[in-house]
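**Student:** Below are the sequence and a predicted model for it; my questions follow.
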Amino acid sequence: MRALDRHMPAFGDALSPEDIRLAISHIRTFCSSPDWPQGDLNLPRAFFTEKAFPENEAVWTLAMTGRQERSFESVLIYEQRLGARNQIELAAPISASQDASGEWSRGLGDIALAFKRTLHASMQRGQISAAGLEVIVPTGSTSSGLGNGYTVFEPFAMWGQTLPRNSYVQLHAGLELPSDSSAPREVFLRSAVGTTFAGDRGFGRAWSPQIELLWARPSHSSSEWDVVPQLQVTLSKLQHVMLAVGARVPMTQRDERRPQALVYLLWDWFDGGLFEMWR
């Protein structure tokens, strides 16, 4: 319902919210297949809790740690939707870390390949779920601390639920199964709760504050808990380019694990070019 052509006059309040809802409902009748999840179930992206909705996106994330023994981890993520409910993903981390002596290690980390499929999507219940598998390949240098040196298989599942007042909750659970039998396995559960505020009757800039609670339990070790407050904001008028900032704060093992500053830039490339519709 956005007027993308700058030569098109603004209609302002010519249509009521109910008129807009009826027009969109009519447009949706042109897609007779029930396989395609509706965009209303495409909930805001969190830093660690993956979404169940299949996407066409490119995401650049950056995590920064500490003033002493500093580290920077930048990850480039490419997501490609296949058909109505499938998605493939490629994630390439590039890291830089400083040890106690002040020496820096830089380079490519372990590349991850993933496939997921949306299993259920219901607008009536406001629910969406998916499952998939990620394979982390040992491409990083172990001597520089940039890689594990073995392959990791990660089966996972995601679930999302819309709530009143543009709010939502998302869950993401999985297992990390290393090919090296001497390496620890890990089970994890990630959750995100948030809401969205948007101007111009929902068609303007959108602000999505949310908070994640992360739990992980490596084998033969104690549980790790983290909290991640964050804020996502749309940058373009088309809402296809977004920026998020946040912080990952350890709640346990705080002597061993440091807080991280987080940022990501997301581009939904299927909806338009990176520099289109900014004004």
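**Tutor:** Ah, there it is.

**Student:** For the closest residue to L82 other than its chain neighbours, give me its contacts.
**Tutor:** Distance criterion C-beta to C-beta, 6 or more residues apart in numbering; nearest residue to L82, sequence neighbours excluded, is I88 at 6.3 Å. Where you see a C-beta, it was placed from the backbone N, CA and C, and this is true even at glycine. Counting by C-beta atoms under 8 Å, 6 or more residues apart in numbering, I88 touches E79, Q80, L82, L113, A114, F115.

**Student:** In JSON lines: the residues you listed, plus secondary structure.
**Tutor:** Below are these laid out as JSON lines (DSSP: H, G, I helix; E, B strand; the rest coil):
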{"residue": "E79", "secondary structure": "strand"}
{"residue": "Q80", "secondary structure": "strand"}
{"residue": "L82", "secondary structure": "strand"}
{"residue": "L113", "secondary structure": "strand"}
{"residue": "A114", "secondary structure": "strand"}
{"residue": "F115", "secondary structure": "strand"}
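
**Student:** one step back: need the pLDDT of the residue nearest to L82.
**Tutor:** You'll see I88 listed with a pLDDT of 98.

**Student:** Now for it, which secondary structure element holds it?
**Tutor:** Element membership for I88, per DSSP states H and E: strand 86-98.

**Student:** then that strand to PDB, C-alphas only?
**Tutor:** Below are the C-alpha coordinates for strand 86-98, written out as PDB (Å, rounded to 0.1, in the frame of the first residue of the first chain):
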ATOM      1  CA  ASN A  86      12.500 -23.400   2.000                       C
ATOM      2  CA  GLN A  87      15.600 -21.300   2.600                       C
ATOM      3  CA  ILE A  88      19.400 -21.800   2.300                       C
ATOM      4  CA  GLU A  89      21.900 -19.700   4.100                       C
ATOM      5  CA  LEU A  90      25.700 -19.000   4.000                       C
ATOM      6  CA  ALA A  91      27.500 -17.400   6.900                       C
ATOM      7  CA  ALA A  92      31.200 -16.300   6.600                       C
ATOM      8  CA  PRO A  93      32.800 -15.000   9.800                       C
ATOM      9  CA  ILE A  94      35.900 -12.700   9.700                       C
ATOM     10  CA  SER A  95      37.500 -12.300  13.100                       C
ATOM     11  CA  ALA A  96      40.200 -10.300  14.700                       C
ATOM     12  CA  SER A  97      41.400 -10.800  18.300                       C
ATOM     13  CA  GLN A  98      44.100  -9.500  20.600                       C
END
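
**Student:** List the strands paired with it, with their directions.
**Tutor:** Neighbouring strands of strand 86-98 in its sheet, by DSSP bridges, are strand 71-82 (antiparallel), strand 104-108 (antiparallel), strand 111-122 (antiparallel).

**Student:** Adding mean pLDDT as columns, could you present the ones you listed in a markdown table?
**Tutor:** Converted to a markdown table, the strands paired with strand 86-98 look like this (pLDDT from 0 to 100):
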| stretch | mean pLDDT |
| --- | --- |
| strand 71-82 | 96 |
| strand 104-108 | 88 |
| strand 111-122 | 98 |
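
**Student:** Out of those strands, flag the one nearest Q239.
**Tutor:** Nearest of the strands paired with strand 86-98 to Q239, taken as C-beta to C-beta: strand 71-82 at 17.1 Å.

**Student:** That'll do, ta.
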